[in-house]
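Enquirer: structure for this input, please:
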Amino acid sequence: MPIDPERAFVPVNIAVLTVSDTRDLVSDRSGETLVSRIEAAGHRCVAREICRDDAALIEVKLLTWIDDPEVDCVITTGGTGITGRDVTPEAFGRVLEKEITGFGELFRMLSYQKIGTSTIQSRALGGVAGGTYLFALPGSTGACKDAWDDILVWQLDARFRPCNLVELMPRLREHLSAK
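Expert: From the prediction side, this is the model:
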């Protein structure tokens, strides 16, 4: 991928939320996978929590981190499937101001190359709320690796060309200051 060595790296403050009724911090391999990749890339994991598959609880946690000036980006893992307990996209829908539709589309395209048509069961998505990036990933470690290694590590790197999400961060709150 095209990294411009003339540009400075800008560390991003990222919060990780695992959505699960069964995992804790010890058994949360997907959350740990994200944290290790975030830190290896030079970013900061500023918060990490586990939340039950409950849309209201997920929404409260998202809003808390959106309101926290120390959090630039939230990545969730889990709850993006199509079963009755999978409610992460519904919680995102309650808080998103803008959806980054290309994220979910690209994730499923890349996922298709590995798991074929099973990718239709993923409702992975991305968006922006209150000047904070939000990404909802499936709960598998493979999906977390794919989303980070093939998309997010590049888009959250200020040196990536031709454009990246980091360079837009100063402008994400424009509509909020205009009020």
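
Enquirer: got the CA positions of stretch 11-28 in PDB?
Expert: Presented in PDB, the C-alpha positions along stretch 11-28 are these (Å, rounded to 0.1, in the frame of the first residue of the first chain):
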ATOM      1  CA  PRO A  11      -1.300   8.100  16.500                       C
ATOM      2  CA  VAL A  12      -5.100   7.600  16.900                       C
ATOM      3  CA  ASN A  13      -6.800   7.000  20.200                       C
ATOM      4  CA  ILE A  14      -8.900   3.900  19.800                       C
ATOM      5  CA  ALA A  15     -11.500   2.200  22.100                       C
ATOM      6  CA  VAL A  16     -12.300  -1.500  21.700                       C
ATOM      7  CA  LEU A  17     -15.700  -2.900  22.700                       C
ATOM      8  CA  THR A  18     -16.400  -6.600  22.500                       C
ATOM      9  CA  VAL A  19     -20.100  -7.400  22.300                       C
ATOM     10  CA  SER A  20     -20.700 -10.800  23.800                       C
ATOM     11  CA  ASP A  21     -22.900 -12.600  26.300                       C
ATOM     12  CA  THR A  22     -20.200 -15.200  27.000                       C
ATOM     13  CA  ARG A  23     -16.700 -13.600  26.800                       C
ATOM     14  CA  ASP A  24     -14.700 -11.900  29.400                       C
ATOM     15  CA  LEU A  25     -11.400 -10.100  29.100                       C
ATOM     16  CA  VAL A  26      -9.500 -13.400  29.500                       C
ATOM     17  CA  SER A  27     -11.400 -15.300  26.800                       C
ATOM     18  CA  ASP A  28     -11.800 -12.300  24.400                       C
END
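
Enquirer: start at 21 instead
Expert: Okay, using 21 as the starting number, the last item reads as stretch 31-48.

Enquirer: buried set for it?
Expert: By 16 or more other CB atoms under 10 Å, the buried positions in stretch 31-48 come out as 32-40, 43, 48. In short, each C-beta sits where N, CA and C put it, glycine included.

Enquirer: of those, which is the nearest to Arg143?
Expert: Among the buried residues of stretch 31-48, Val39 lies closest to Arg143 (CB to CB), at 12.2 Å.

Enquirer: pretty sure that closest one is touching Arg105, no?
Expert: No: with contact defined as CB atoms under 8 Å, Val39 does not count as touching Arg105 (9.3 Å).

Enquirer: tell me, what's touching these two both at once?
Expert: Residues touching both Val39 and Arg105 (CB atoms under 8 Å, 6 or more residues apart in numbering): 73, 99.

Enquirer: now stretch 128-147, how far from the centre of its chain.
Expert: Centroid separation for stretch 128-147 versus its chain: 15 Å, with CA atoms, centre = their mean, to the nearest Å.

Enquirer: same question, stretch 151-169
Expert: 5 Å.
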